[in-house]
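Student: next come a sequence and a model predicted from it.
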Amino acid sequence: MADAFTFSITTTPFDEDYTPSESSRITTNFANLARGENRQENLRNALTMINRRFNALAHWDNPNGDRYALELEIVSAKVHYSSDGEERHFPLLEVLDTSIVDRQTGTRSHGIVGNNFSSYVRDYDFSVVLPAASDGSGAPVLPQDFGDLHGRLFQRFLDSEAYRRRFAQLPVICISVSTSKTYHRTGNSHPVLGLEYQQDDHSLTDTYFGKMGLRVRYFMPPGSVAPLAFYFRGDLLTDYTNLQLISTISTMETFQKIYRPEIYNANSAAPAVYRPSLGAQDFSRTLISYDRDERSRLGVTQGRYTEEHFITPNRELLDQWAAAYPTPVA
């Protein structure tokens with residue numbers, strides 16, 4: 001039963017001509033940019049921001065600040081299974097893959113896969129399961145098995161032939177810090193990742209990613225104004241080169257400047273003790289507009305879609321498979 005699910009991968013270039021596929025989550029960062037009448041301008045501006053940030057961080061032997069360019073691909077994974085005698089599939093997740101082009105030497109090298117993380121099953125957990133859990137007073141209660149299925153599917157995907165055939169390294173996922181936590185700067189610093197921060201206790205997102213087998217460290221890169229959360233397996237500081245780390249920083253910091261400008265496009269840098277807030281007023285907006293309220297509404301829609309088309313009709317299969325697969329790391 002542990003092999004009830006198999007996986008496949010397809011890739012789509014993320015450039016100024018990108019159009020989301022029908023199976024893409026429309027709340028995903030890169031898909032949201034490619035909507036509306038300004039879609040091509042949005043994409044062009046975002047890619048320009050990414051390349052400029054990359055060159056600013058990779059400043060050695062780069063006097064004109066234009067030595068490098070990033071190429072991005074959207075990696076879409078499907079889970080395949082049998083149900084009622086028929087072969088079926090469901091969109092499992094989407095991440096970004098980066099490639100680094102050195103214009104000086106003409107070489108092209110692999111960056112990091114992961115970066116952004118998009119998952120229909122995560123929408124189901126946070127938009128359907130969590131709101132439905134209550135202690136009777138209306139306050140949400142975290143179910144004991146919250147995120148277990150998602151964690152198992154993700155770890156099984158990383159162990160799959162489809163992933164190992166395509167990628168030589170494990171993913172790094174980079175997202176915003178939590179607005180519900182306080183972060184304290186440590187004395188540790190890294191030449192590319194920057195100043196390290198820690199928090200006193202795990203956020204719900206930290207716990208959820210923990211069930212995916214990922215742990216977290218928080219760094220504020222040079223020239224940044226707020227720390228980013230890096231989720232990874234292995235050793236973040238030694239498993240990847242500086243250029244690889246820069247590919248993730250430049251990509252995901254750009255998205256965060258667009259989507260959370262109150263934090264990542266603030267006019268002053270985070271202090272030693274930092275509590276991020278979306279209510280901050282001292283920040284600058286980018287030229288790219290974004291509707292956060294719409295994204296929240298669509299997250300509920302996508303969670304219910306997952307419940308109807310994947311969770312409910314395959315409940316017995318999922319329960320049997322989960323019982324045979326190791327419990328995710330919490």
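Tutor: Received it, and whenever you're ready, just let me know what you need.
Student: for the residue in the chain sticking out farthest from the centre, what are its contacts?
Tutor: Distance to the chain centre peaks in the chain at Gly85, reaching 34.5 Å (criterion: CA atoms, centre = their mean). Taking CB atoms under 8 Å, 6 or more residues apart in numbering as the definition of contact, Gly85 has no neighbours. To be clear about C-beta, it is placed using only N, CA and C from the backbone, and glycine gets the same treatment.
Student: go on, Val225?
Tutor: Val225 makes contacts with Ile263, Tyr264, Asn265, Ala266, Asn267, Ser268, Ala269, Ala270, as judged by CB under 8 Å, 6+ apart.
Student: re the thing from before, what about the residue farthest from the centre of the chain, distance to Glu73?
Tutor: Distance, Gly85 to Glu73, using CB to CB, to the nearest Å: 35 Å.
Student: one more: Asp148?
Tutor: 30 Å.
Student: same deal with Val121?
Tutor: 22 Å.
Student: ok, for Glu245, nearest residue in space, not its chain neighbours?
Tutor: For residue 245 the amino acid is Leu, not Glu. Once flanking residues are discounted, Leu245 sits nearest to Val192: 4.9 Å by CB to CB, 6 or more residues apart in numbering.
Student: can I get stretch 84-100 in PDB, CA atoms only?
Tutor: This file holds the C-alpha atoms of stretch 84-100, laid out as PDB (Å, rounded to 0.1, in the frame of the first residue of the first chain):
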ATOM      1  CA  ASP A  84     -12.600   2.300  -8.900                       C
ATOM      2  CA  GLY A  85     -10.400   0.500 -11.400                       C
ATOM      3  CA  GLU A  86      -9.400   3.700 -13.100                       C
ATOM      4  CA  GLU A  87      -6.100   5.500 -13.200                       C
ATOM      5  CA  ARG A  88      -6.500   9.000 -11.800                       C
ATOM      6  CA  HIS A  89      -4.300  12.000 -10.900                       C
ATOM      7  CA  PHE A  90      -4.500  15.200  -8.800                       C
ATOM      8  CA  PRO A  91      -2.200  18.300  -8.800                       C
ATOM      9  CA  LEU A  92      -0.100  17.800  -5.700                       C
ATOM     10  CA  LEU A  93       2.200  20.900  -5.500                       C
ATOM     11  CA  GLU A  94       4.100  23.500  -7.400                       C
ATOM     12  CA  VAL A  95       7.500  25.000  -6.700                       C
ATOM     13  CA  LEU A  96      10.000  27.100  -8.500                       C
ATOM     14  CA  ASP A  97      13.400  26.000  -9.900                       C
ATOM     15  CA  THR A  98      16.200  28.400 -10.600                       C
ATOM     16  CA  SER A  99      19.100  28.300 -13.100                       C
ATOM     17  CA  ILE A 100      21.900  30.800 -13.000                       C
END
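Student: from the middle of its chain, how far away would it be?
Tutor: 15 Å (CA atoms, centre = their mean, to the nearest Å).
Student: and it, what's buried?
Tutor: Going by neighbour count (16 or more other CB atoms under 10 Å), the buried part of stretch 84-100 is Phe90, Pro91, Leu92, Leu93, Glu94, Val95, Leu96, Asp97, Thr98, Ile100.
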